[in-house]
Every structure is written in structure tokens, then in C-alpha cells.
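A.B. asks: Could you look at this predicted model? Sequence included:
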Amino acid sequence: MKKITLLLFFLLPFFHSTGNAQDGMYSIMQVEQSQSELRTFFEKRLEKSDSIILVIYFYPGSCPRCEGLFSYFLTHKSAAGFSNIKTVGIASHTKDRVVAKYIERQGFLFDKTIMDLDSSFQKMFKYTGDVLKTPFAMLIDAKNGELLNAASFLGMDCSEKYVSSFFKQIEPKRSYAKQSSYDHNLKLNHVTDTHASAFFDSVYTLVENKDIQYSGISDCLINKDNICFVDDILGDVFVYDIKGRPITAIIPTSAEFETFRSKSISDDFFSLLKPLLKCLYLKTIAIDSNQNVSIIASLPRTDFDTTSFELSYSNEPVILRKDFENQIKSIVQLKKLPSDYSEYSYLHKRIQNLEDAYFMPVLKGWPVKGTSTLTPQDSLDSPFKESFYQETPLGVLYDKSGNFKSLIGELSPLHNELKTGYFLSFPIVTENEESIFLADAKMGIITEYTKSKSNFNKIKSYQVFKPLTESGLDSCIKAFNKFVAQESGNIGVEYFEFVNSLFTKRIYKMFARKDDLIIIFEDEEANTFTTKILNINTFEVESEITLPIYSNKNEKIVSLDIINGFTGDNHTSLVSILDSDGILKIGKKSITPNNISLNIKK
């Protein structure tokens, strides 16, 4: 028991984050006049005696570190004398069996779990960004259908003092939202009258079995022989053949948990520590001809100082290569950036694979780093300063051994003009034998660089689409004057969120070949994916095809790729993963010169 007590004592500082969730970047509000609906929701699912309850509302797996706070929040809840308040976990997802498996794996200690399969609970609340990126603790009067208090787990100061104060808020909040996040997203999901499946030459359904039951796709990789993806909730990597037949599930092994384990940690101590560690599969980036999958993973690092009895825990970004039998073939650790570039952080979830290198986006400054507000003292991190934009690379290249090679790219001028720093930065990359093509995705700009051992010389740039209309730019200027220029104290993120809402297009994927560059870009407002084939030398558009993202209400394109020789044919094919009301399908359409000009509007 002493070991367990020590373990929790050591780990609490790691799981704590600075800042108060009440004043944080993410918030949730009840929709006006929804009290009756909320009361009825709980009457159908709880005991008659249940009155004041704690709801932990979450999208499973959306924020693993946030979920790590659940047990500490509940421990402090009991210690503060509120153990009589029932804890209800409400999971926002449609795949109940997979969610139940996930909750069992994580060991969440809810008194009751509710699956919000039909979005009944979501329809009564509005949260920041209308996407459930972070879990919320919600104190609710179930008898009267009132939200009393709420806090995001992201940035929460999970101390006993804070948790105790959270439960002492017993008066209903008197500010209400006019529209729920569900209603907002419903308006965004424009639909056509026809199934997206009808636009493809052939369609295969991804079959489930006892080992592979998916919840959805957070990332997908397709080649001419296989399809693999990271499951949206479980985080396992599922591998299929090109006709939708399941091959294998790749999951974390004990060896991965122990890769960065300190030698000073005993076996007994590590067995107590292990349930609290996270081994995360973030993205698949390659499948080779020997049936090996390269995965961007985040493996736990544990160190224990036997003198100070200080335990530290962090996660290391690696490129993990495993075969279809779930055996580790190699682990490449990406080194830290050189000290000259210490101001930059990298996003290892967005690592992209090149033939002789790995590309990783970088970022710096507020609001992508730091707290939820910018103070006047944060001038070095301020994107409102002209000096911020003197050096703004898009990413960094590492060699295949994980060693730093070079920074590459630069933020497009519009980032500076709007003073948004790295908030809108979303770079993607591709290559052929002669050049690297780097896109500033939301700005719609692709820049070509020569390949060189020493540096990368810029050749030319191409504007795929205009990211903002004139009226949109005027709206940004007005928003800047409202939220930033007139601000006398701390500055919040409202301006950035508003500007981001106006950028409805982004370059989704690129594929470079010897003579042409294939670009797929997404237009949320128009509800379309558009594929363009450009001449590699002139960047002139040779042909294009447009497909709807959403169609027939419940069918959506969730991934789109260009594949040569798919299903054994000699054509280049547009290959899509479709989510048809929770059922995943593979759609293929040949894009020969004769049919690429097909243009399907919504």
C-alpha cells in the first residue's frame, strides 16, 4: 500500500496542468429552454433518488492526458466529502461496443455509463468550437434539468481545493446558448440526394471480426495492396486488404511500454506504474512490400531519481515499424531540435514520410503555445509583433535515423497580414526525384524546392485556391479591431477562432510524379473534395474531378487517396474510405484522361 501511495504522490504533479479550467480555452453552456429535455433525459436513465450528479462528458480518446485526470478528480471528490454524488460518464459516440471496450481498457470508475448514441445529450449543450476536443466535468441538477457548474479537463488544476470548490457551486448558471453544437454541425453537413458510393466504379465494405471492431478512422493509409488506419477510439492499428477483408490488429506490447523505462525502476514498482502510462499510436505513414507498417507513436519515458525519490514521466515521439504479426522491427527516436531553434516546438502527430527523410511541422508563439490568454508581458511570443515573423519555417526534416537535417519553408504572407502566428499553419509535403513540394494548406499555396544535401532552394509557388474573399478579409480586420486592437488587458483566443471559421478550404493531400502533381483540396462550405492534376513544370491545371464530402445524410468521405495499380489494374485511381452510418467502405474510381474531367456538384 505504501508503494501505491508513493506512486500517486509522485505522479500528481505530472498530471496537473497550470491554469484554471473555468477561465480556460474550452467552455460548455446549456441551451436555453432545454431544462425539461435534460430532466427527461436523466429520468429515463437514472434512479428516482438521483438529484445532484457529476457528469463527465467526453468523446473517447480525444484527449488522453485529460482522461488521465478522471481518477484524480474522483479521488479528490471523495476526499472533499462529495462521495454521495453519483458520477455519470456520458460518451459521445455511435459505436457502443467499441466505446464499452475502451472504457474497460482505461478503467474509468464511473457509477454509471451512458452512451449518447443519438446525440440526445449533445443537442442540449454548446461547447467551444462545436467539436468535443476536451472532456468536461459538469455538475448537474438532474431533477430540475439545470447545469450548475462546468469545467474543461484540459488545463484543469486538479487539486483537492479546486475540486472541492467545484462541487460547492449549487446555483444554476444563468447564461444560456441559443444553439447547440449539434445544430451547428448539422447545418455544416450539406448533403446531396445520392449516395457517394454511386460515384465510384467499385465499392467494398470493411468487414469486422472478433479482433477488429472499429469505431471510425482518425488516420488512414492506402496502397495498392493494403489499407490500414488508426482506430478513432481504441488507437489500435487495423490492417485490411484492398477488398475490405481484415488481416490483423496491431496493438501496443509490453516492450513498447518499457522502451524508455529507467533502469532504476524495479519490476514491482513498474507494475504499479504501468496502468497510468500511455502508449499511443497517432498515425500510419508507410506500408512496405515486406508487410511492415511504420507508425508515428508516442511511447512513455519513466525516470526515477533514487536520491530525491522523484519520479518523472513524459512521452517520446518515435517512428515505430511493426510487422503484421505485431512484432517490433525497429524504433527510431527523433532527436530534439538544435539549441539554435529552441523557440520552436514540433507536432509529431503530423509527421509525414519521404523517401530519405521525415518531415515534421513546427510552431512557435501564442496561441498555439502558452495559456488561454496573452498578457502584455508575453511580447516575445506575441504574433501581433512584426518581429515574430522574421523567421517562420513551416517544418523540419529529419533523416531516417532521427537526426536533424534542416528547417524548410516559411509561413505565407497572409499569416503576418492577419497576425495569426502559427494558429492557421497546416503544412503538408510530397516529393518526386528532383523536388520537394511543400504546401501551406489553409493558405492554398504550394512551393517547390530543389533537393540538396546542404539546403533547399525555392523554385516557384502556385496558388491552388484563394483562401479568403474580399469580404472575408474585411471581416478579419473588423474582428481584429474588436478583439485585439481595442483590448486593454489580456487578449483571448476569440479573434483566432473567428478567423479560422472563415478558412473553409485546405489542401488535403498531394502526390508528386515525374510529369504531374496531383492535389486534393477540401472545401467545407461547398461540401466537396476537388482533385486537380497539374503539369509539374508549369503548374497549369490539366484536369480535375469534384466529389461531395457528405451525401445522402449519413454517408461521408473520410479519407481520399491517389493510388497507382489499385486492385491490379493499370490505371491511377481515386480511392476513398466512406463512412456510411458507421459502416466503413472502400470506393475506387479510375481517373484516366478520358474521365478525369467528370465534375459532380452537390
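C.D. replies: Sure thing, it's come through. No experiment lies behind these values; they were computed from the predicted model shown. Numbering: from 1, shown residues only.

A.B. asks: Quick check on Cys63: phi, psi?
C.D. replies: When read as degrees, to the nearest 10, the backbone of Cys63 gives phi -150, psi 80.

A.B. asks: And Tyr102, by the same measure?
C.D. replies: phi -70, psi -50.

A.B. asks: From what I see, it and Asp236 are in contact.
C.D. replies: No: between Tyr102 and Asp236 there is no contact under Cβ atoms under 8 Å: 10.2 Å. (Glycine included, C-beta is placed from N, CA and C.)

A.B. asks: ok, the two, which is more surrounded?
C.D. replies: Tyr102 (22 against 18; other Cβ atoms under 10 Å).

A.B. asks: That one: what's it in contact with?
C.D. replies: Pro60, Gly61, Ser215, Ile233, Leu234 (Cβ atoms under 8 Å, 6 or more residues apart in numbering).

A.B. asks: Can you flag the buried ones in those residues?
C.D. replies: Pro60, Gly61, Ser215, Ile233, Leu234 (16 or more other Cβ atoms under 10 Å).

A.B. asks: what residue ranges in this protein are flagged as low confidence?
C.D. replies: 1-25, 171-174, 184-197, 371-380, 453-454, 486-490, 551-554, 565-571, 592-602 (pLDDT under 70).

A.B. asks: what about the helices in it?
C.D. replies: 2-15, 35-43, 64-67, 70-79, 96-106, 160-167, 181-188, 254-258, 267-273, 413-418, 470-480, 494-502 (DSSP state H).

A.B. asks: looking at those, which is closest to Thr572?
C.D. replies: helix 181-188 (31.1 Å; Cβ to Cβ).

A.B. asks: Could you give the number of residues near Thr87?
C.D. replies: Thr87 sits with 22 neighbouring residues when counted by other Cβ under 10 Å.

A.B. asks: on that earlier part again, mind putting the buried ones among the contacts of Tyr102 into TSV with distance to Thr94?
C.D. replies: Output for those, formatted as TSV (distance: Cβ to Cβ, whole Å):
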residue	distance to Thr94
Pro60	11
Gly61	14
Ser215	8
Ile233	11
Leu234	15
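
A.B. asks: quick one: which of the residues you listed is nearest to Leu468?
C.D. replies: Among these, and counting by Cβ to Cβ, the member closest to Leu468 is Gly61, at 33.3 Å.

A.B. asks: wait, the closest one sits on Asp232?
C.D. replies: Yes: between Gly61 and Asp232 there is a contact at 6.8 Å, judged by Cβ under 8 Å.

A.B. asks: Val207: neighbour count?
C.D. replies: By other Cβ under 10 Å, the burial measure for Val207, its neighbour count, is 12.

A.B. asks: swap that for Ser345, sorry
C.D. replies: Neighbour tally, Ser345, other Cβ under 10 Å: 16.

A.B. asks: The chain should start at 42 in everything you say after this.
C.D. replies: Got it, the first residue is 42 from now on, which makes the last one we talked about Ser386.

A.B. asks: which non-adjacent residue is nearest it?
C.D. replies: Distances taken as Cβ to Cβ, 6 or more residues apart in numbering place Leu404 nearest to Ser386, at 5.7 Å, with adjacent residues excluded.

A.B. asks: which residues does the one you found contact?
C.D. replies: Tyr385, Ser386, Tyr387, Leu388, Lys410, Tyr463, Ser466.

A.B. asks: Select only the buried ones of these in ChimeraX?
C.D. replies: A single ChimeraX command selects the buried members of those (16+ other Cβ under 10 Å):
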select :385,386,387,388,463,466
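
A.B. asks: Looking at the contacts of Leu404, which one is closest to Lys376?
C.D. replies: In terms of Cβ to Cβ, no member of those lies closer to Lys376 than Tyr387, at 10.9 Å.

A.B. asks: Might one say that that closest one is in contact with Val437?
C.D. replies: Yes: with contact defined as Cβ under 8 Å, Tyr387 counts as touching Val437 (6.3 Å).

A.B. asks: shared neighbours of the two, which are they?
C.D. replies: Common contacts of Tyr387 and Val437 (Cβ under 8 Å, 6+ apart): Leu378, Met401, Val403.

A.B. asks: right, and out of these, which lies closest to Asn578?
C.D. replies: Of all these, Met401 has the smallest distance to Asn578: 28.9 Å, by Cβ to Cβ.

A.B. asks: OK, contacts around Gly462?
C.D. replies: Lys405, Gly406, Trp407, Pro408, Val409, Pro424, Phe429, His456 are the contacts of Gly462 under Cβ under 8 Å, 6+ apart.

A.B. asks: any idea how far it is from Lys410?
C.D. replies: For Gly462, the distance to Lys410 equals 9 Å [Cβ to Cβ, to the nearest Å].

A.B. asks: For Leu150, which non-adjacent residue is spatially closest?
C.D. replies: Leu115 (5.9 Å).

A.B. asks: Same check on Thr488?
C.D. replies: Ser502 (4.5 Å).

A.B. asks: Check the spacing between the residue nearest to Leu318 when sequence neighbours are not counted and Asp364 real quick.
C.D. replies: Distances taken as Cβ to Cβ, 6+ apart put Pro341 closest to Leu318, at 4.0 Å, once the chain neighbours are dropped. For Pro341, the distance to Asp364 equals 22 Å [Cβ to Cβ].

A.B. asks: Could you check which of those two has the larger neighbour count?
C.D. replies: Taking other Cβ under 10 Å, Pro341 and Asp364 do not tie; Pro341 has more neighbours (22 against 15).

A.B. asks: beta partners of that one?
C.D. replies: Asn356 (DSSP bridges).

A.B. asks: hang on, it packs against Pro316?
C.D. replies: No: contact criterion Cβ under 8 Å: Pro341 and Pro316 do not qualify, at 11.4 Å.

A.B. asks: how many neighbours does Phe162 have?
C.D. replies: 23.

A.B. asks: If you could redo that for Tyr399, that was the one I meant.
C.D. replies: Tyr399, neighbours per other Cβ under 10 Å, totals 24.

A.B. asks: Go ahead and confirm it touches Ile360.
C.D. replies: Yes: counting by Cβ under 8 Å, Tyr399 does reach Ile360; the two are 6.7 Å apart.

A.B. asks: Pull up the overlap in contacts between these two.
C.D. replies: Both Tyr399 and Ile360 are contacted by Leu375, Ile392, Gly443, under the criterion Cβ under 8 Å, 6+ apart.

A.B. asks: Kindly reformat those residues as CSV containing neighbour count.
C.D. replies: CSV is the format used below for the shared contacts of Tyr399 and Ile360 (neighbours: other Cβ atoms under 10 Å):
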residue, neighbour count
Leu375, 21
Ile392, 21
Gly443, 15
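
A.B. asks: Now tabulate those in TSV and tack on distance to Arg106.
C.D. replies: Below are these laid out as TSV (distance: Cβ to Cβ, whole Å):
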residue	distance to Arg106
Leu375	20
Ile392	19
Gly443	24
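
A.B. asks: Relative to Leu514, which of those is nearest.
C.D. replies: Ile392 (32.7 Å).

A.B. asks: ok, that closest one touching Lys324?
C.D. replies: Yes: Ile392 is within contact range of Lys324, at 6.9 Å (criterion: Cβ under 8 Å).

A.B. asks: and for those two, which residues touch both?
C.D. replies: Ile337.

A.B. asks: Skip the chain neighbours and tell me the closest residue to Ala178.
C.D. replies: Counting by Cβ to Cβ, 6+ apart, the residue nearest Ala178 is Ala192, at 5.0 Å.
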